[in-house]
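Novice: here is my input, please return the structure:
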Amino acid sequence: MLSDDEKQRLHQIERRFEEEEPAFAAVFTDPRAVPRLQDRGWPYTTLAVSAGLLFILGCLTGATVLILLGMAGFPAALYARHRRSSR
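Specialist: You can find the predicted model right below:
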């Protein structure tokens, strides 16, 4: 357990944290303040960019597997992002 002094210091830190960063502090106290997974588009964008780079690399090196991965991954990432955002 924490001593009284440690509890007091922790309470001061919490109070200062809530004053300086109220939106970030709300994430720890209110579960509804956490951004939903649907609002995060960066994984799909990263996948689309990676697939595009695989396609380009495959064209430059002549590797059929990379070309096919890029051709399949790019539209799949765009479709998944579109589908996720339309929910």
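Novice: going forward, measure contacts and count neighbours with C-alpha atoms only.
Specialist: Noted.
Novice: Ala51 against Gly73, yeah?
Specialist: Yes. Using CA atoms under 8 Å, Ala51 is in contact with Gly73, at 5.2 Å.
Novice: more neighbours, the two?
Specialist: Ala51 (24 against 20; other CA atoms under 10 Å).
Novice: list the buried residues of the helix or strand harbouring that one.
Specialist: Element membership for Ala51 (DSSP states H and E) is helix 42-61. By neighbour count with 16 or more other CA atoms under 10 Å, helix 42-61 contains the buried residues 44, 47-56, 58.
Novice: what of stretch 72-79?
Specialist: Those would be 73-74, 76-77, for stretch 72-79 by 16+ other CA under 10 Å.
Novice: from those residues, which is closest to Gln8?
Specialist: Set against Gln8, the nearest of the buried residues of stretch 72-79 by CA to CA is Ala77 (49.5 Å).
Novice: can you give me the angle whichever strand or helix holds that closest one makes with helix 42-61?
Specialist: Here Ala77 sits within helix 64-85, counting by DSSP H and E. Interaxial angle of helix 64-85 relative to helix 42-61 (axes from the mean of the first three to the mean of the last three CA atoms, to 10 degrees): 160 degrees.
Novice: from the contact counts, what lies against helix 64-85?
Specialist: helix 42-61 (3 or more CA pairs under 8 Å, 6 or more residues apart in numbering; DSSP states H and E).
Novice: centre of the chain to the helix it packs on, how far?
Specialist: Mean-position distance between helix 42-61 and its chain equals 18 Å (CA atoms, centre = their mean, to the nearest Å).
Novice: who's in contact with that helix?
Specialist: 64-78, 80-81 (CA atoms under 8 Å, 6 or more residues apart in numbering).
Novice: and the helix or strand where Phe28 lies, what does it pack onto?
Specialist: Element membership for Phe28, per DSSP H and E: helix 22-29. On a contact count with 3+ CA pairs under 8 Å, 6+ apart, helix 22-29 meets helix 4-20.
Novice: now for the helix it packs on, which elements pack on it?
Specialist: helix 22-29.
Novice: tilt between the helix it packs on and helix 4-20?
Specialist: Going by the same axes, to 10 degrees, helix 22-29 makes 130 degrees with helix 4-20.
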